[in-house]
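Need the 3D shape of this:
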Amino acid sequence: MMPLPTLRIGQGFDLHRLAPGIPLKLAGLTIPFDKGSVGHSDGDVVLHALIDALLGATGYGDIGELFPDSDPAFKGALGPDLLAQALALIKSLYPDLQILNIDVTIFLEAPKLRPHKEAMREALASLLGIGSHQVSVKAKTAEQFAPVGTSEALAASVVCLLDLGAHKS
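Below you'll find the model as predicted:
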């Protein structure tokens, strides 16, 4: 049997409704805004999509399988904590794992994210234990096209490239 290649690509996506009176969490940071994303956990679409991308690249399902919204233990859970748990699982299976790069696109009409993108890159790099030069954060509007464009929702898409190294049997 031919060994699997050690380079793997993962893709993740998350979408949440926006509502007033909820903190807006993106990439583990709280971004000043009058609305935040509604979710079972903290609604951080960036970290949720990142977890999906990492799990997808390693073949371990998705965030809903690992942290089901039917489990009250995850009610209000913080994205950085969920990411740490997902990474611990992945690293237990792939101890030589190297995250080569992460590419994040956030879809949000407001607030403008330009002033926060560098802080998000740094936060993601820190959470992943990689250099900020390995992380890209882009922000896109929906040009007033619903539901993102009318500020009813926000979304994030993440692609990652991993080197799994040797697989633990």
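
all helices of this structure, in order?
With DSSP state H as the criterion, the chain has helices at 45-58, 63-66, 79-93, 117-128.

top strand in the chain by residue count?
Assignment by DSSP state E gives strand 7-20 as the longest strand of the chain.

Could you list the buried residues of that strand?
Buried residues in strand 7-20, defined by neighbour count with 16 or more other C-beta atoms under 10 Å: Arg8, Gly10, Gly12, Phe13, Asp14, Leu15, His16, Leu18. Every C-beta, even on glycine, is put in place using the N, C-alpha and C of the backbone.

and which of those is nearest Leu93?
Ranked by distance to Leu93 (C-beta to C-beta), the buried residues of strand 7-20 are led by Arg8 at 12.3 Å.

how many neighbours does the closest residue to Thr30 other than its chain neighbours have?
Computed as C-beta to C-beta, 6 or more residues apart in numbering, the closest residue to Thr30 that is not its neighbour in sequence is Pro23, at 5.0 Å. For Pro23, the count of nearby residues is 15 (other C-beta atoms under 10 Å).

what are the phi and psi angles of Pro23?
phi -60, psi 140 (degrees, to the nearest 10).

In contact with it, which residues?
Thr30, Gly36, Asp42 (C-beta atoms under 8 Å, 6 or more residues apart in numbering).

Filter those down to the buried ones.
Gly36, Asp42.

Just name the closest of the contacts of Pro23 to Ala142, please.
Gly36 (18.0 Å).

looking at this protein, which helix or strand is least sure?
helix 63-66 (a mean of 90; mean pLDDT, DSSP states H and E).

May I see the buried residues of that one?
Here helix 63-66 shows Ile63, Leu66 as buried, counting by 16+ other C-beta under 10 Å.

counting contacts, what elements does it pack onto?
helix 45-58, helix 79-93 (3 or more C-beta pairs under 8 Å, 6 or more residues apart in numbering; DSSP states H and E).

shouldn't Lys35 be in contact with Thr150?
No. Lys35 is not in contact with Thr150 according to C-beta atoms under 8 Å; the separation is 11.8 Å.

So what touches the least confident helix or strand of the chain?
With C-beta under 8 Å, 6+ apart as the criterion, helix 63-66 contacts Gly12, Asp14, His48, Ile51, Asp52, Leu55, Tyr60, Leu82, Gln85, Ala86, Leu89.
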